[in-house]
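*Asks:* based on what follows, work out the 3D shape:
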Amino acid sequence: MTGGHGHRADELCEAGLEVYTRALDEGRITQQEADPAPCLIDLGLLQPDIEDMRWLRPVAPAVALPRLLRATAEDIARQRQHDARLAEAFEPLMRIGSHHSATAETPTISVLSGLQRINIAIAQSMADANEELLAIQPYNGRHAAALAESMARDQALLDRGARIRTLYQHTLRHSPTVVARYEQLKGDVEARTLDEVTERLLIVDRTVAFIPANKDRTLALEVRNPALIAFFAITFDRLWRLATPMYPEAAQQPTLNGITPRQRAIAGLLIEGLTDAAIADRLGMNIRTARVHIAKLAATLGSESRAQLGYLIAESGILKQQETET
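*Replies:* Numbering: from 1, shown residues only. So this is what the prediction gives:
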């Protein structure tokens, strides 16, 4: 237990040692002089002077040390008795739990704290993999650095004959960093894009998955539950079928009636009533770019106000065209 002086009550702090030394040299010290080191009273190294209670007299080290050692030995004995009682209580429970030891050894969901711990866990899982990596990688503003860090890890997986499938947002279709990365990787690797994707998801050999557990991704969940893994994999497969090929062969996104695919995606979010900032976040772009696209969409449809733009989007039928393509 920690005392009010910032350390355990059974420990002699530096201030206490200094006061105790002075008390031994001078034969006694005042109560006020001992205030900075209350541990001396707790340890029995100072005791009141029975002739004058304003003073404290030191207990001789030759007397104090054996007393303290004896107290420590008694504490150890009590702790061992406590350990023995716990072991005795848990002994029948261990026999019951042994029937389920296989599931207990590997938690189905583990919380990983800190980017370094998360990256180590991902690297370890990929080092044991030899089949595939399925990844959803939303744009988060630091994509270039993250891609560079994973190059060697991904190439090692490809060298073992595995395949990699990655989903990005359309925002990254023409990113020099992303394109260059895929040109450097050698093996069975593909990438596709969507207007919107889920939060980051990594599925390794369809046996373990990693998902973020907070907004800044400093916490993550390592998931090994088969039902959840199957759910994640099915979600990925369905998004993959809806996505537009980006690599190794990029499919062109059609522009209809002067409206680009990006502008149609923005139009759908405008109809939902989202702000410019929310639209930018959903589509993985900065707010300035989102506003440029909104302005171009308004100009194409002949809108003079935000309210009119929503009406013209609904009247133009461009969202129905998007549904037909899908």
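*Asks:* list the contacts of Ile50.
*Replies:* If a contact means Cβ atoms under 8 Å, 6 or more residues apart in numbering, then Ile50 has no contacts. Heads up, the C-betas are built off the backbone N, CA and C, glycines and all.
*Asks:* quick one: the helices in the stretch 151-300 of the chain?
*Replies:* For the stretch 151-300 of the chain, the helices identified by DSSP state H, counting those that start in this stretch occupy 176-184, 226-242, 261-271, 276-283, 287-301, in order along the chain.
*Asks:* just the CA atoms of the fourth one, as CSV, please.
*Replies:* Which is helix 276-283. What follows is helix 276-283, C-alpha atoms only, in CSV (Å, rounded to 0.1, in the frame of the first residue of the first chain):
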residue,chain,number,x,y,z
ASP,A,276,-19.4,19.3,-47.3
ALA,A,277,-17.1,18.0,-44.5
ALA,A,278,-19.2,14.8,-44.1
ILE,A,279,-19.2,14.2,-47.8
ALA,A,280,-15.4,14.6,-48.0
ASP,A,281,-14.9,12.2,-45.1
ARG,A,282,-17.2,9.6,-46.6
LEU,A,283,-15.5,9.7,-50.0
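*Asks:* helices or strands up against that helix?
*Replies:* Applying 3 or more Cβ pairs under 8 Å, 6 or more residues apart in numbering; DSSP states H and E, one finds that helix 276-283 contacts helix 261-271, helix 287-301.
*Asks:* check which residues of that helix are buried.
*Replies:* Buried positions in helix 276-283, judged by neighbour count with 16 or more other Cβ atoms under 10 Å: Asp276, Ile279, Ala280, Asp281, Arg282, Leu283.
*Asks:* of these, closest to Arg117?
*Replies:* Closest to Arg117 out of these is Asp281 (26.8 Å), distances taken as Cβ to Cβ.
*Asks:* find the nearest non-adjacent residue to Ile266, please.
*Replies:* Sequence neighbours aside, His293 is the residue nearest to Ile266 in space, at 5.3 Å (criterion: Cβ to Cβ, 6 or more residues apart in numbering).
*Asks:* how far away is the one you found from Glu304?
*Replies:* When Cβ to Cβ, to the nearest Å is applied, the distance between His293 and Glu304 equals 17 Å.
*Asks:* more neighbours: which of the two?
*Replies:* When His293 is set against Glu304 and neighbours are counted by other Cβ atoms under 10 Å, the residue ahead is His293, at 20 against 9.
*Asks:* which residues does the closest residue to Ala290 other than its chain neighbours contact?
*Replies:* Spatially, and ignoring its direct neighbours in sequence, Ala290 is nearest to Ala280 (4.0 Å; Cβ to Cβ, 6+ apart). With Cβ under 8 Å, 6+ apart as the criterion, the residues that contact Ala280 are Asn286, Ile287, Thr289, Ala290.
*Asks:* picking that back up, ranking the helices and strands packed on helix 276-283 by burial, who's on top?
*Replies:* helix 261-271 (a mean of 20; mean count of other Cβ atoms under 10 Å).
*Asks:* just checking, what packs against that one?
*Replies:* Using 3+ Cβ pairs under 8 Å, 6+ apart as the contact criterion, the neighbours of helix 261-271 among helices and strands are helix 276-283, helix 287-301, helix 306-316, helix 318-325.
*Asks:* so which elements touch the helix or strand containing Gln79?
*Replies:* When elements are defined using DSSP states H and E, Gln79 is found to belong to helix 61-97. Contacting helix 61-97 under the criterion 3+ Cβ pairs under 8 Å, 6+ apart is no other helix or strand.
*Asks:* which residues belonging to that helix are considered buried?
*Replies:* Buried residues in helix 61-97, counted by 16+ other Cβ under 10 Å: Ala64.
*Asks:* model confidence over that helix, on average?
*Replies:* Per-residue pLDDT values across helix 61-97 average out to 78.
*Asks:* what's the answer for stretch 207-224, then?
*Replies:* Rounded to a whole number, the mean pLDDT of stretch 207-224 is 91.
*Asks:* tell me which helix or strand of the chain sits lowest on mean pLDDT?
*Replies:* Within the chain, no helix or strand scores below helix 101-105, which has a mean of 49 by mean pLDDT, DSSP states H and E.
*Asks:* tell me the first helix or strand C-terminal of that one.
*Replies:* Next helix or strand after helix 101-105 toward the C-terminus (DSSP H and E): strand 109-113.
*Asks:* just the CA trace of that following strand, in CSV.
*Replies:* Extracted in CSV, the C-alpha atoms of strand 109-113 (Å, rounded to 0.1, in the frame of the first residue of the first chain):
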residue,chain,number,x,y,z
ILE,A,109,-11.2,-11.6,-29.8
SER,A,110,-8.1,-9.7,-28.4
VAL,A,111,-7.6,-6.0,-27.9
LEU,A,112,-4.3,-4.6,-29.3
SER,A,113,-3.2,-1.3,-27.9
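*Asks:* tell me the buried residues in it?
*Replies:* Leu112.
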